[in-house]
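[1] Turn this into a structure:
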Amino acid sequence: MDSLQNHLLIAMPSLHDTFFERSVIYICEHDEKGAMGLMINRPIGVDVNELLKQMSLDEANQVSESIGSQVLVGGPVGQEKGFVLHTPQSQWSNSLQISDEIMLTTSRDVLTSLGGHQAPEHFIVALGYAGWGRNQLDQELAENSWLAIPVTHELLFDTQHDERWQAATKSLGFDVWQLSSQTGHA
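    Predicted coordinates for the structure are as follows:
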């Protein structure tokens, strides 16, 4: 099994009428125990400033202007739990360095920095996550439910969330709608 950590999963058109329809998921962990990732293209309808107000963190970081970022649905599991995917900084508790360019933090301290001078340069705030048990993701890949591509900074942080699925599929170099959802053996 090759690890897909630090890759993007692109939902195939065959996943229509499911929670993951047209989703793009950043894979944070993928090993023999299973996989965990964050959906990066579905806003919940709340901006980060509103989330900080709801958590009484807006005064702690003294945000004077809009951060301009939407909170995203990270996945169907644990939607009461928050995750911040961000460019590297070492000062946060409960952080996991995924790559040289990306960290995942689950502690409130990173949230208190957003909008301030200690904030990560780029970040995504998500509630919930997508999880797969042992070999489950590998099976779904074999069933052509997902395509995996290496993550790029541009797709993760510079592309608007509502354009990420289309941009990710376009990066494949072919029309994803032309692919068959059927697997076969030659």
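[2] Show me the strands in the chain, by range?
    Taking DSSP state E, the strands of the chain run over residues 7-11, 24-31, 34-39, 43-47, 70-73, 77-86, 95-97, 103-105, 123-132, 146-150.
[3] ok now the first one, how far from the chain's centre?
    Taking the mean C-alpha point of strand 7-11 and that of its whole chain, the gap between them comes to 9 Å (CA atoms, centre = their mean, to the nearest Å).
[4] Other residues contacting that strand?
    Here strand 7-11 makes contact (CB atoms under 8 Å, 6 or more residues apart in numbering) with 20-27, 30, 37, 40, 145-151, 155-156, 165, 168-169, 172, 176. C-beta coordinates here come from the backbone N, C-alpha and C atoms, glycine included.
[5] one more time with 6 Å
    Contacting residues not belonging to strand 7-11 are listed as 20, 22-27, 146-151, 168-169 [CB atoms under 6 Å, 6 or more residues apart in numbering].
[6] Next: the second one.
    By CB under 6 Å, 6+ apart, the list of residues contacting strand 24-31 from outside reads 3-5, 7-10, 36-41, 98, 104, 130, 164-165, 168.
[7] So among the residues you listed, which ones count as buried?
    When those are checked for burial by 16 or more other CB atoms under 10 Å, the buried set is 4-5, 7-10, 36-41, 98, 104, 130, 164-165, 168.
[8] would you turn the strands of the chain into a markdown table with distance to residue 114 and mean pLDDT?
    Output for those, formatted as a markdown table (distance: least, CB to CB, whole Å; pLDDT from 0 to 100):
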| stretch | distance to residue 114 | mean pLDDT |
| --- | --- | --- |
| strand 7-11 | 23 | 96 |
| strand 24-31 | 19 | 97 |
| strand 34-39 | 17 | 98 |
| strand 43-47 | 11 | 92 |
| strand 70-73 | 11 | 94 |
| strand 77-86 | 8 | 93 |
| strand 95-97 | 15 | 89 |
| strand 103-105 | 11 | 93 |
| strand 123-132 | 7 | 96 |
| strand 146-150 | 27 | 95 |
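[9] do you know which of those strands lies nearest residue 53?
    Closest of the strands of the chain to residue 53 is strand 43-47, at 9.8 Å (criterion: CB to CB).
[10] May I see the buried residues of that closest one?
    Here strand 43-47 shows 44, 47 as buried, counting by 16+ other CB under 10 Å.
[11] Nothing else from me, thank you.
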